[in-house]
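Novice: Got a predicted structure here, sequence first:
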2 protein chains.
Amino acid sequence: MEKEPTSYAIPVLCASCKGRNRGVCGALDHDQLAELAGASCRSAAGSGAALLWEAERVDNYANILSGVVKLSKTLSDGRQQIVGLQFSPDFLGRPFRSDSAINAQAATDVTLCSFPKAAVERMLRESPELERRLYNQALDELDEARDWMVTLGRKTASEKIASLLLMIAHHTDPSMTKGQNASRFDLPLSRADIADFLGLTVETVSRQLTRLRDDKVISIENNRQIVVPDLRRLKARAGN
Amino acid sequence: MEKEPTSYAIPVLCASCKGRNRGVCGALDHDQLAELAGASCRSAAGSGAALLWEAERVDNYANILSGVVKLSKTLSDGRQQIVGLQFSPDFLGRPFRSDSAINAQAATDVTLCSFPKAAVERMLRESPELERRLYNQALDELDEARDWMVTLGRKTASEKIASLLLMIAHHTDPSMTKGQNASRFDLPLSRADIADFLGLTVETVSRQLTRLRDDKVISIENNRQIVVPDLRRLKARAGN
DNA sequence: CGCGGGTTTGAATCATGTCAAGTTAAGTGG
DNA sequence: CCACTTAACTTGACATGATTCAAACCCGCG
């Protein structure tokens, strides 16, 4: 395919982009897409890479094209809490504030499409449709955060683990959208990450996972691959 | 003051309204304000009153004019978790979704200014400035929810209590905006509410409060009135 | 005065954390 | 291909912070 000089063409990069219609880019018309694509920059980050760190103000936003990003906060004495996971095609970054005191780190290998802050903020002012999408993502993240507050505050360790497995399944197993009753997926998180997400220790995470395995609710392959033969049984363990 | 027939007048109700410039109404011009005011309706609710309940779809949004509203979620077996507090002039309601599965209940006596859903949503489409404000409120609530995730997941009982006291002070003690080092305020929550907010039991809440009192970090008058002679000492107990 | 809701206090129990020791799996270099 | 290293994970024994259950307390109110 040739690069079209006119602004009506979909930019080359975007044409093949999985985020083109999902995610925020779906809100843009051809002109806007071209403008943003011109300033955009694809990048890959290996598992564990820091994407944005505490006070260190980065002046980029990004779309997540693939992989999983963990958002976390740390207390001064080192205790850590993961406060959210982001999946493709989520938008990464906190508009209107440069100091969100939140860390973003690649949980798995990740590919991003990043934009300079200024470009996004200009478009935000021009396109209510773009702002609407971001607003909706924020509302969804708020709903998720509140769901996790319930999990963190009121569920037992094993309920927490079950809830997390369900959440990961929903976000990463494509067969979950259909009414399937079984699921298979890779854990994007290490045991330590899971502990930091659920407010537990690695040891408890490990114990509860093996308990779920011993009870035949899940089976574990290669430490990271989870198979759920009967989602209802897992849901029953999640305590909602 | 006479009611002005022209749309350039500030509606009577709004003229004396504390939420006029703060909160979302500040985003509206005279016309819009007049339109919304015409459909609006003030109401008072006593402490404990349900403002919106689970599936029960209410078709109103509201501004909180005074008092404190608690947002909570409940598990099927009755365990409850408060997932947020709202203060004047916060906007109450979840745009774009009628089934947020969240409960809103008056924590104290509350006065509201409520609007029909349809009116707000129409204005939302017409006024990017209004949407911007709501977007910003959502982002702020998201930041707060994530802060609480850290508190719920990684702090000890006494750190949780100290953190809550600081948060309440910030929101309800007007002297907190200045660099004051002391504070005095009323707890808008019962011990049971505090427990539901912090993922504890009433007993632990009580024990930790008396421990803070015995250690002279706070003093408690009438069970609800808290005096903090030295905010730095309280902050030191909050574990950030 | 007694009643009832909210709160405090005490003693026993339990879930989860802590500490320490294995085990597994994946390199890495000889 | 085999030691050797290292990080991630699991398992066990013990300690402890928070819950549970029970009782007492406080205070406004009929």
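Specialist: Perfect, thanks for sending it.
Novice: Please make it C-alpha for all contacts and neighbour counts, starting now.
Specialist: OK.
Novice: quick one: average pLDDT of the longest helix along chain A?
Specialist: Criterion DSSP state H: the longest helix present in chain A is helix A:128-154. Helix A:128-154 shows a mean pLDDT of 96 in the predicted model.
Novice: The helix or strand just after it near DNA strand D anywhere?
Specialist: In the C-terminal direction, the helix or strand that comes right after helix A:128-154 (DSSP states H and E) is helix A:157-172. No. With Cα under 7 Å from any atom of the strand as the criterion, DNA strand D is not reached by helix A:157-172; the gap is at least 11.8 Å.
Novice: so how far is helix A:157-172 off the chain centroid?
Specialist: 14 Å (Cα atoms, centre = their mean, to the nearest Å).
Novice: what does chain A put close to chain B?
Specialist: With the criterion set to Cα under 8 Å from any Cα of the partner chain, chain A comes near chain B through A:73, A:75-76, A:79-83, A:100, A:128, A:131-132, A:135, A:138-139, A:141-143, A:145-146, A:148-150, A:152-154, A:197-200, A:239-240.
Novice: where does chain A come near DNA strand C, residue by residue?
Specialist: Going by Cα under 7 Å from any atom of the strand, the residues of chain A near DNA strand C are A:155-158, A:199-201, A:203-204, A:222.
Novice: beta partners for the residue positioned nearest the centre of chain A?
Specialist: What sits nearest the mean C-alpha location of chain A, by Cα atoms, centre = their mean, is A:Gln86, with 1.0 Å. For A:Gln86, the beta-bridge partners are A:Val69 (DSSP bridges).
Novice: re the thing from before, filter the residues of chain A next to DNA strand C to the buried ones?
Specialist: Buried members of the residues of chain A next to DNA strand C, counted by 16 or more other Cα atoms under 10 Å in any protein chain shown: A:155, A:157-158, A:199-201.
Novice: tell me which of those is nearest to DNA strand D?
Specialist: The nearest member of those to DNA strand D, counting by Cα to the nearest atom of the strand, is A:Thr201 at 8.9 Å.
Novice: Who's the closest spatial neighbour of that closest one, skipping the chain neighbours?
Specialist: Leaving out its chain neighbours, the residue that sits closest to A:Thr201 by Cα to Cα, 6 or more residues apart in numbering or on different chains is A:Ala195, at 5.1 Å.
Novice: So for the helix-or-strand element of chain A with minimal mean pLDDT, what gets flagged as buried?
Specialist: Scoring the helices and strands of chain A by mean pLDDT, DSSP states H and E places helix A:12-15 at the bottom, with a mean of 79. By 16+ other Cα under 10 Å, the buried positions in helix A:12-15 come out as A:13-14.
Novice: can you check stretch A:94-102 too?
Specialist: A:94-95, A:100-102.
Novice: how far out from the middle of the chain is that stretch?
Specialist: Using Cα atoms, centre = their mean, the offset of stretch A:94-102 from its chain centre is 17 Å.
Novice: Kindly report the same for stretch A:171-190.
Specialist: With Cα atoms, centre = their mean, you get 14 Å for stretch A:171-190.
Novice: I'd like to know how far A:Arg232 sits from A:Val217.
Specialist: A:Arg232 is 9 Å from A:Val217, where distance means Cα to Cα, to the nearest Å.
Novice: how deep is the closest residue to A:Glu131 other than its chain neighbours tucked in, by neighbour count?
Specialist: In space, A:Glu131 comes closest to A:Leu124 once its chain neighbours are excluded; the distance is 5.6 Å by Cα to Cα, 6+ apart. Neighbour count of A:Leu124, defined by other Cα atoms under 10 Å in any protein chain shown: 17.
Novice: Look at A:Leu124 and give its secondary structure.
Specialist: helix (DSSP: H, G, I helix; E, B strand; the rest coil).
Novice: Would you mind giving me the confidence score for it?
Specialist: 90.
Novice: so it sits right up against A:Arg133, yeah?
Specialist: No. A:Leu124 lies out of contact with A:Arg133 (Cα atoms under 8 Å); the separation is 10.3 Å.
Novice: and stretch A:87-99, what's its mean pLDDT?
Specialist: On average, stretch A:87-99 scores 89.
Novice: Format the CA atom coordinates belonging to it as CSV.
Specialist: The C-alpha trace of stretch A:87-99 is given here as CSV (Å, rounded to 0.1, in the frame of the first residue of the first chain):
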residue,chain,number,x,y,z
PHE,A,87,-4.7,-3.9,28.8
SER,A,88,-4.8,-3.0,25.2
PRO,A,89,-6.4,-0.7,24.0
ASP,A,90,-6.3,1.3,27.2
PHE,A,91,-5.0,4.8,27.3
LEU,A,92,-2.0,5.3,29.6
GLY,A,93,-1.5,8.6,31.4
ARG,A,94,-3.3,11.1,33.6
PRO,A,95,-4.6,14.1,31.7
PHE,A,96,-4.5,17.5,33.4
ARG,A,97,-2.0,16.6,36.0
SER,A,98,1.7,15.7,35.7
ASP,A,99,2.3,14.5,39.3
